[in-house]
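1. Below: sequence and its predicted model.
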Amino acid sequence: MSWTPDQPIVSIKDVHKSFGPVEVLRGISMDVMKGEVVCIIGPSGSGKSTLIRCINALNDIQSGSITVEGQEVHDPKLDKLALRKKVGMVFQQYNLFPHKTALQNVMMAPIKVLKQNRADVEVRARALLKKVRLEGKEDSYPGELSGGQQQRVAIARSLAMNPDVMLFDEVTAALDPETVKEVLVTIKDLAADGMTCILVTHEMGFAREIADRVYFTDKGVIVEYGPPATFFEQAKDPRTRQFLSQIL
Amino acid sequence: MDSVLDWLRPDWFFDLSVVQDDYNRGRYLAGLWMTAKLSTLCILLSLVVGVVGAAAQGARSRTLRVLVGFFVAFFRNTPPLVQLYFFYFAIGTILRVTGENGLPQPLVSNFGWALISLSLFAGAMNVEIFRSGIEAVPKATIEAAEALGYTRLQTYRYIVLPLAVRISMSALGTNLVNLVKTTTLAYAIAVPELLYVAAQIWSEDLNVREMMNVLLFSYVGIVAVLVWVLHRWEKALRIPGYGG
């Protein structure tokens, strides 16, 4: 089956996932089209992070199917490198490589994994750092950067692989309130450029502003979803309303 | 009766007949060179054993992990002198080839067995040291590499190992210093290293006390060089803004 851009770029169908006896995902389905921005919200432990980790095969699933550009992610014969070229991921704790400078962090994967030419990669990496507003920080080590700066390096590092989809796993949860904004602006720029983004987030204002659709998950199922205007104003399910009333 | 303080009498303490006598000086320097050579090669080989062993301990294959476990337990739980004898007298007598004169010749020299035995001994410790260093590398950092498409080997080589080495530095230094001191055991299988030549000199010249001082100060010097090298290495690996 070959994928065409009019089909969902990420398609999740009835996914079940357990950690031991605990069922974390209990039949999740979701379609994301190319260029869409989707936010997943919900109480902690509702399976949001697990869900997006399943999309790039950092977690496996017990049943159901996840496809990225038509390719089954949990096919045991899957070429993981091909998947990870398509799907970039940014983590809550940035997870930069502490022994490499910002520039090296961005350059390493294209050179070592994709075997691209060093000089070309460097030009691109410098442009990416500029894009995430980190010009002048190329030679700083992660330990010398603030949380917000590290997170933007992490975003640039993911973008250097030229992904088609970006996954953001609570990327502002570990940041100081002042630096949250600089990271959100970076993501907004990306979304405006047409990048397909799937975000797990607690930033409701941001979700409302940026998302095409907001999903609310609780106890491993999608309780309800919709465009932000409807979702935040006229939530139907009592669980959603209760969650929103606690947060907003 | 001689007082212990006599030890510090200049004519004992500074009796450097070993330097004045051409023949003894030659032997001493040859011993020093042998110790330096044995130490350097053992350090390098034990590092290779440590890195490979620690990698194998993180492998998917259970058999491989169990084998490395046995290897480490064997070399950690037995005295290094017994190991050396085991290699030299047990394995060394089996591993023979027929020489040109038709008589059996050992395949591996005394020096070779000392090198193998001591490298495996220190290497087993290095496996444990690197393993704890590897375990201290955050899972999340490894996951980030995985998400970027790194293979297991690439992750190990470019991310895990460089970080694990930094974490392991102080424990590694202690073990390598111990390794250099343990090279004196090679005396037991007649490798002409420093202790061996010192014993030769003192049994001929009957200057045991003086040679003891020479020997001790020689090792102080050798270990000082190693510590200096390790310190430089540690400094070169230091990451701005990371750790202590």
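-> Structure received. Numbers count the residues shown, from 1 in each chain, chains lettered A, B, ... in the order given.
2. In this structure A:K85 contacts A:S158, no?
-> No: judged on Cβ atoms under 8 Å, A:K85 makes no contact with A:S158 at a distance of 11.1 Å. C-beta coordinates here come from the backbone N, C-alpha and C atoms, glycine included.
3. element containing residue 50, please.
-> All of this is about chain A. Take DSSP states H and E as the rule and A:T50 turns out to sit in helix A:48-55.
4. um, chain B though
-> Using DSSP H and E, the element containing B:G50 is helix B:22-57.
5. Could you give me the buried positions within that helix?
-> By neighbour count with 16 or more other Cβ atoms under 10 Å in any protein chain shown, helix B:22-57 contains the buried residues B:24, B:27-28, B:31-32, B:34-36, B:38-39, B:41-43, B:45-47, B:49-51, B:53-57.
6. For the helix holding A:T50, give the mean pLDDT please.
-> For helix A:48-55, the mean pLDDT works out to 92.
7. List the contacts of that helix.
-> The contact list for helix A:48-55, computed with Cβ atoms under 8 Å, 6 or more residues apart in numbering or on different chains, reads A:10, A:12, A:15, A:17, A:24-25, A:28, A:40-42, A:59-61, A:66, A:68, A:73-74, A:87, A:89, A:165, A:167-170, A:198, A:200, A:217.
8. what lines up beside the next helix or strand after that helix in the sheet?
-> Following helix A:48-55 in sequence order, the next helix or strand is strand A:63-68 (DSSP H and E). Sheet pairing of strand A:63-68 (DSSP bridges) gives strand A:10-19 (antiparallel), strand A:71-72 (antiparallel).
9. Worst mean pLDDT among these?
-> Here the lowest mean pLDDT among the strands paired with strand A:63-68 goes to strand A:71-72, at a mean of 89.
10. Compute the number of surrounding residues for B:A186.
-> 27 (other Cβ atoms under 10 Å in any protein chain shown).
11. Same check on the one 4 residues further on?
-> Number of residues near B:A190 (other Cβ under 10 Å) recorded here: 12.
12. pretty sure it contacts B:Y196?
-> Yes: with contact defined as Cβ under 8 Å, B:A190 counts as touching B:Y196 (6.9 Å).
13. Just the helices from chain A, written as ranges.
-> A:48-55, A:80-86, A:102-112, A:118-131, A:147-159, A:177-192, A:204-210, A:228-233, A:238-247 (DSSP state H).
14. most neighbours per residue, which of those helices?
-> Greatest average neighbour count among these goes to helix A:147-159 (a mean of 26), per mean count of other Cβ atoms under 10 Å in any protein chain shown.
15. quick one: that helix to chain centroid distance?
-> 12 Å (Cα atoms, centre = their mean, to the nearest Å).
16. And that helix, what does it pack against?
-> Helices and strands touching helix A:147-159, by 3 or more Cβ pairs under 8 Å, 6 or more residues apart in numbering or on different chains; DSSP states H and E, are strand A:87-90, helix A:102-112, helix A:118-131, strand A:165-169, helix A:177-192.
17. Listing partners with orientation, what would you give for the shortest one?
-> Just to be clear, that refers to strand A:87-90. Paired strands of strand A:87-90, defined by DSSP bridges, are strand A:165-169 (parallel).
18. Name the surrounding residues that touch the strand it pairs with.
-> A:9-10, A:32, A:49, A:52-53, A:55-56, A:68, A:86-92, A:155, A:158-159, A:187, A:190, A:195-201.
19. Give the full set of residues in contact with residue 134.
-> The chain I'm using is chain A. Contacts of A:L134 (Cβ under 8 Å, 6+ apart): A:102, A:149, A:152-153, A:156.
20. actually chain B
-> B:54, B:58, B:160-161, B:164 are the contacts of B:I134 under Cβ under 8 Å, 6+ apart.
21. Not counting its neighbours along the chain, what's nearest it?
-> Counting by Cβ to Cβ, 6 or more residues apart in numbering or on different chains, B:I134 lies nearest to B:A164, which is 4.4 Å off, once chain neighbours are set aside.
22. where's that neighbour, which helix or strand?
-> Using DSSP H and E, B:A164 sits in helix B:161-182.
23. do you know which of the helices and strands packed on helix A:147-159 lies nearest B:Y242?
-> With distances scored as Cβ to Cβ, the stretch of those nearest to B:Y242 is helix A:102-112 (12.9 Å).
24. measure the one residue in chain B that gets nearest to chain A to A:F91 for me?
-> Residue nearest to chain A within chain B: B:G241 (2.5 Å; Cβ to the nearest Cβ). Using Cβ to Cβ, to the nearest Å, we find B:G241 at a distance of 19 Å from A:F91.
25. neighbour count winner among the two?
-> Using other Cβ under 10 Å as the criterion, B:G241 and A:F91 rank with A:F91 on top: 24 against 11.
26. who are the neighbours in contact with A:A160?
-> A:106-107, A:109-110, A:121, A:124-125, A:128.
27. that older thread, tell me who's in contact with the residue of chain B closest to chain A.
-> Neighbouring residues of B:G241 by Cβ under 8 Å, 6+ apart: A:141-145.
28. For chain B, what's the nearest residue on chain A?
-> For chain A, Cβ to the nearest Cβ, closest residue to chain B: A:G143, 2.5 Å.
29. Find the nearest non-adjacent residue to that residue, please.
-> That would be B:G241: by Cβ to Cβ, 6+ apart, it lies 2.5 Å from A:G143.
30. Before I go, just wanted to say thanks for your time.
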